[in-house]
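J.: Whatever this is, show me its structure:
(2 chains)
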Amino acid sequence: MVAGTDKLPVGAHYGLRDWLSQRVTAIVITLYTALILGIVLWSGGVDYATWKAVFAHGAFRVATFLFMASLLWHAWVGVRNILMDYVRPMGVRLTLEIVVVCVLVAYGGWTIAILWGHP
Amino acid sequence: MAAADRPVDKPRPIYLNLFAIRQPAPAIVSILHRISGALLFLAGIPLLLWGVQRAIASPESYAAAVAPFTTPLGKVLLLVLAWCYLYHLLAGLRHLTLDLHIGIRLAPARSSAVLVLVLSVLLALIVAVRLW
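T.: All right, here's what the predicted structure looks like:
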């Protein structure tokens, strides 16, 4: 950097945003994983009744939604990084990125249906 | 190396054969982090959603969802994905500590890479024992 200038850093900033969101979502995923591990160990093995009771809690459903949202966002950052590294032709990469986004958004809808839908 | 005694007859550019080079532990941890992440995206997430949906729908669907994972092939699939998840988590935690400039020098970075590999295998062994 040139000393004494007040040049503004320019760019879309999604490099930093992706970097940070990858880590924030990773922490959410880790905390939820610890919660599940705690439930399994606390119950001493789980069966249908355990999960049914756990998912009956509204707070647990919200926590699960936050986990899934983090997981899907985290997956997007990671898969996009992989595509940027290995898929060089712009058209192919853009197509694959669109497919991945559609799949992840669909998973998000599926998550909401599981958590708050009427089976 | 001075320019004068550099061999000039070597073909350039040099393409490195990654499979012929003995990779250091941090390099192995890095590529496995990527491979495990890709597998979790391709198979882990859809299987997780399907599993949770079936597991809380009814006692019958819970039993039907568990049944495929009592077969040898199902157990292997579950074990591979469990290792991917555990490994990705451990390698990610290592990555976060490196971001915080903890253990960033070569020797501790190599030790933590070996630790991630060993711990992930040990945890996968616990999963394997539980499965079989």
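J.: Flag every residue of chain A that's near chain B.
T.: A:23, A:26-27, A:29-30, A:33, A:47-48, A:51-52, A:55, A:71-72, A:75, A:78-79, A:82, A:107, A:110-111, A:114, A:119 (CB under 8 Å from any CB of the partner chain). For glycine as for every other residue, the C-beta is placed from the backbone atoms N, C-alpha and C.
J.: Among the residues you listed, name the buried ones.
T.: When these are checked for burial by 16 or more other CB atoms under 10 Å in any protein chain shown, the buried set is A:26, A:29-30, A:48, A:51, A:55, A:71-72, A:75, A:78-79, A:82, A:107, A:110-111, A:114.
J.: Can you tell me what sits against stretch A:69-86?
T.: A:18, A:21-22, A:24-26, A:28-29, A:32, A:93, A:96-97, A:100-101, A:104, A:107-108, A:111, B:34, B:37-38, B:40-41, B:45 (CB atoms under 8 Å, 6 or more residues apart in numbering or on different chains).
J.: Take the residues you listed and keep only those in helices.
T.: With DSSP state H as the criterion, helices contain A:18, A:21-22, A:24-26, A:28-29, A:32, A:93, A:96-97, A:100-101, A:104, A:107-108, A:111, B:34, B:37-38, B:45 from among the contacts of stretch A:69-86.
J.: Please, a PyMOL command that selects the buried ones among those?
T.: Per 16+ other CB under 10 Å, the buried members of the ones in helices among the contacts of stretch A:69-86 correspond to this PyMOL selection:
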select buried, (chain A and resi 18+21+22+25+26+28+29+32+97+100+104+107+108+111) or (chain B and resi 34+37+38+45)
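J.: which residues touch the closest residue to chain B within chain A?
T.: Ranked by CB to the nearest CB, the top residue of chain A for proximity to chain B is A:Tyr48, at 4.0 Å. Neighbouring residues of A:Tyr48 by CB under 8 Å, 6+ apart: B:55-56, B:59, B:62-63.
J.: filter those to the buried ones?
T.: By neighbour count, with 16+ other CB under 10 Å, the contacts of A:Tyr48 hold B:55-56, B:62 as buried.
J.: Go back to the residues you listed and keep what's next to chain A.
T.: B:55-56, B:62.
J.: Export these as TSV, with columns for distance to B:Asp99 and secondary structure.
T.: Output for those, formatted as TSV (distance: CB to CB, whole Å; DSSP: H, G, I helix; E, B strand; the rest coil):
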residue	distance to B:Asp99	secondary structure
B:Ala55	35	helix
B:Ile56	36	helix
B:Tyr62	40	helix
